[in-house]
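Novice: Here is the input, now give the coordinates:
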Amino acid sequence: MKSSPADRRLTESPDGRFLMRDWLALLAICLLAVIIRALVMTFLPSILHPDERMWLESTNWLVNHRWLQSWDFQVGTRSWLWPGLMAGFMAIGELFGAPPSSGLGGVSALICIVSLAPVICGFLWGRNVAGIPGAVTAGLLNAVWFELVYFYTHPLSEPFAASALALGLFLVYPGRSTVLSERRLFIGAAMLGLAAVVRPQLIPAVALAVIAVGGIRRRAHYPALLGGLALPIVLSGLLDWVTWGWPFHATILYIYYNSAGGVSSFFGRNPVYSYLGWEWVAWGLFGVVIVLCTLYGALRLPLLFWVAATIFIVHSAVSHKEYRFISPALPLIMTLAGVGSVMAADWLADRLGQPPLRRALLVAVPLAWTIASVALAASPSRRWYWVRSRGSILAMQAVNADKEACGVGVYPGGMWWRTAGYAALRPDVPLFDAGKPGAATPVGPKAYNYVLTVQQRSPELNHPVDLPFDFASFGYQQLQCWTDPWDRTQLLDRMCLWRRSGTCDPASGTLLTPDYGKAFEDLTR
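Specialist: This next block holds a predicted model:
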């Protein structure tokens, strides 16, 4: 029994008119995405990677003129583009309240706005190639998939680049046969160029997209595409000229230090299969479903697959690897998986020959993806996603709530990168170095009235390393401790907040400053 024409139109490309149901579905999915991310940022504060605090520190310096200046902003390997954008939203947030909570609220609003680009593009891609079921499924997957929620609740440059990449790709490759205007190609290429400027590692993926869209023979598209690509690149060079004194200063040094300079290797080397292994940890056996649906969806959106594959291949060839580096590929994979799952459900309904089953399957598909995401996010092996370094953030919130707080010591001071930094502190509270590991006594215990201690994980002891001395003997009382896994190894770290009564003598202490050690300093000379 064949399905009716009305049923078959559910997964066919529409005529282009956006109906009221489309607007309502897109609005509902976007609202859900914002609510999920806002709830995670509010109730599950964490630090995905120290880089996010470095970005926030530079942002805080632009707005409140206080920061822990990390090595990349000392030597000039970072563009001021992303912190400058965040600074605008931080400044707007502080118009409505006192820092840091109001300013960080403004940054959170920016993150939520940026996170909507993959959701909207996924919805539109799905609609163009698989009708309203494809739109809902692909859009919803980008809204609720736990990895995307994880990445899009942190102020890192990778999610920003991922949004620019997705938006640029959709503008130049909507997934349906249509004549694209020169203006649209120009804007889309400009967004692709922005992604490449923010993350130079995306240059091969962007180049592939431009060549595929432009075509080897149809060269008429190239003026608009190349002109769009050039715009953010030129503006980035001008920004470096204004902020660092030389055009393309940050880009050149970033590429140098992460290749010939050997800085990336200083932070660790990983085998070529690391990204596949990390996704196996994230997806588990459900990864088989994701891969099969992605390959099926690639039949209708092949360029998305090849761009995502390029991102994986290029990053796998670099010795230093981090999970967040491949996050720009995830919105493309989830879009393909959503489209592929809808196509599979439609095919199954045809095989069974029962038209009512088609609608039931197409409703069940997005629901199944949502359940899978929640189940994977809540599994014990992925707990570290949501609690990583939460103690640092919660400790700073406790300090901010105490009107008598006059300084925070960090022990050991070399663990400054595990703290929430000045961006999370009231403007009148300085940070101090409370000592080095193994020191017999803390440095300047009277310079501050709060201490944040960081006890790192120990594979040999199977518990956090003990402190070499007791802060209680210096008049401090332990207020609270947070014991959480730092990464997927599930080895526990311990952060504790200590307080003493009385005032502070700042002159007796040493202000906290980033220190990477002599070996690193030799690399960056």
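
Novice: for the host helix or strand of Tyr275, the distance to its chain's centre please.
Specialist: If you go by DSSP states H and E, Tyr275 is part of helix 274-283. Offset of helix 274-283 from its chain centre (CA atoms, centre = their mean, to the nearest Å): 17 Å.

Novice: Give the other helices and strands that it contacts.
Specialist: Counting contacts by 3 or more CB pairs under 8 Å, 6 or more residues apart in numbering; DSSP states H and E, helix 274-283 packs against helix 287-297, helix 302-316. Every residue, glycine included, has its C-beta placed from N, CA and C.

Novice: buried stuff in the last one?
Specialist: Residues of helix 302-316 classed as buried by neighbour count (16 or more other CB atoms under 10 Å): 303-312, 314-316.

Novice: and if you look at the first one?
Specialist: Buried residues in helix 287-297, counting neighbours by 16+ other CB under 10 Å, are found at 289-290, 293-294, 296-297.

Novice: What is the nearest of these to Gly421?
Specialist: Set against Gly421, the nearest of the buried residues of helix 287-297 by CB to CB is Ile290 (35.8 Å).

Novice: Quickly note the distance from the residue nearest to the closest one when sequence neighbours are not counted to Gly193.
Specialist: Ranked by CB to CB, 6 or more residues apart in numbering and with sequence neighbours excluded, the top spatial neighbour of Ile290 is Ala337, at 5.2 Å. Ala337 sits 27 Å away from Gly193, taking CB to CB, to the nearest Å as the criterion.

Novice: Could you do Ala375 as well?
Specialist: 39 Å.

Novice: Check whether Ser373 really touches Trp145, as I assumed.
Specialist: Yes. Proximity of Ser373 to Trp145 meets the contact threshold set by CB atoms under 8 Å, at 5.1 Å.

Novice: Who has more neighbours out of the two?
Specialist: When Ser373 and Trp145 are compared for neighbours, Trp145 comes out ahead with 26 against 21, by other CB atoms under 10 Å.

Novice: so what pLDDT did that one get?
Specialist: Trp145 is assigned a pLDDT of 98 by the prediction.

Novice: Same question for Ala349.
Specialist: pLDDT, read off for Ala349, is 85.

Novice: Could you double-check that it lies in contact with Val363?
Specialist: No. At 11.7 Å, Ala349 does not count as touching Val363 under the criterion of CB under 8 Å.

Novice: These two: who's more crowded?
Specialist: Taking other CB under 10 Å, Ala349 and Val363 do not tie; Ala349 has more neighbours (23 against 14).

Novice: Tell me how far that one lies from Leu148.
Specialist: 28 Å.

Novice: now swap in Ile326 and tell me
Specialist: Where Leu148 is concerned, Ile326 sits at a distance of 12 Å (CB to CB).

Novice: In contact with Phe170, which residues?
Specialist: Contacts for Phe170 were tallied using CB atoms under 8 Å, 6 or more residues apart in numbering; they are 121, 124-125, 188.

Novice: What is the three-state secondary structure of Cys30?
Specialist: Using DSSP: H, G, I helix; E, B strand; the rest coil, the structure places Cys30 in helix.

Novice: And the pLDDT at Ser265?
Specialist: pLDDT, read off for Ser265, is 62.

Novice: Ala447 against Cys504, yeah?
Specialist: Yes. Between Ala447 and Cys504 there is a contact under CB under 8 Å: 6.0 Å.

Novice: Which residues are in contact with each of the two?
Specialist: Common neighbours of Ala447 and Cys504 (CB under 8 Å, 6+ apart) are Gly407.

Novice: pLDDT on the host helix or strand of Arg37, on average?
Specialist: Counting by DSSP H and E, the element that carries Arg37 is helix 20-43. What helix 20-43 shows for mean pLDDT is 96.

Novice: now stretch 56-74
Specialist: The model assigns stretch 56-74 a mean pLDDT of 94.

Novice: got a list of what the residue nearest to the spatial centre of the chain touches?
Specialist: Geometric centre of the chain, nearest residue: Phe151, 3.5 Å, by CA atoms, centre = their mean. For Phe151, the contact set (CB under 8 Å, 6+ apart) comprises 48, 158-159, 162, 324, 327, 330.

Novice: now do Leu332
Specialist: 166, 169, 304-305, 307-308.

Novice: give me that answer again for 10 Å
Specialist: Contact partners of Leu332, counting by CB atoms under 10 Å, 6 or more residues apart in numbering, are 118, 121-122, 125, 142, 162, 165-166, 169, 205, 294, 297-298, 301, 303-309, 311.

Novice: just to revisit the earlier point, give the intersection of the neighbour lists for Ile326 and Leu148.
Specialist: 162, 333.

Novice: Which one's more surrounded, those two?
Specialist: Per other CB under 10 Å, whichever of Ile326 and Leu148 has more neighbours is Leu148, with 27 against 23.

Novice: Pretty sure that one sits against Arg37.
Specialist: Yes. With contact defined as CB atoms under 10 Å, Leu148 reaches Arg37; the gap is 9.2 Å.

Novice: Show me whatever sits in contact with both of the two.
Specialist: Common neighbours of Leu148 and Arg37 (CB under 10 Å, 6+ apart) are Ser115.

Novice: What values do phi and psi take at Met495?
Specialist: In terms of degrees, to the nearest 10, the main-chain angles of Met495 are phi -120, psi 130.

Novice: shaky segments in this protein?
Specialist: 1-13, 15-16, 216-219, 260-268, 461, 516-525 (pLDDT under 70).

Novice: Next, the angle helix 302-316 makes with the longest helix seen in it.
Specialist: Taking DSSP state H as the criterion, the chain has its longest helix at helix 101-144. Per axes from the mean of the first three to the mean of the last three CA atoms, to 10 degrees, the angle that helix 101-144 makes with helix 302-316 is 120 degrees.

Novice: Next secondary structure after helix 101-144?
Specialist: Following helix 101-144 in sequence, per DSSP H and E, is helix 146-151.

Novice: Tell me where the stretch 251-400 of the chain has helices.
Specialist: 263-266, 274-283, 287-297, 302-316, 330-352, 355-378, 384-387, 390-401 (DSSP state H, counting those that start in this stretch).

Novice: Now render those helices as a markdown table, adding distance to Pro200.
Specialist: Converted to a markdown table, those look like this (distance: least, CB to CB, whole Å):
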| stretch | distance to Pro200 |
| --- | --- |
| helix 263-266 | 12 |
| helix 274-283 | 18 |
| helix 287-297 | 26 |
| helix 302-316 | 11 |
| helix 330-352 | 19 |
| helix 355-378 | 31 |
| helix 384-387 | 27 |
| helix 390-401 | 30 |
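
Novice: and of those, who's closest to Ala109?
Specialist: Per CB to CB, nearest to Ala109 of these: helix 390-401, 17.8 Å.

Novice: in its sheet, what does whichever helix or strand comes after that closest one sit against?
Specialist: Using DSSP H and E, the helix or strand that follows helix 390-401 in sequence is strand 408-411. Strand 408-411 has these partner strands in its sheet, going by DSSP bridges: strand 431-433 (parallel), strand 450-455 (parallel).

Novice: Go through those strands and name the closest to Trp369.
Specialist: Per CB to CB, nearest to Trp369 of the strands paired with strand 408-411: strand 450-455, 38.0 Å.
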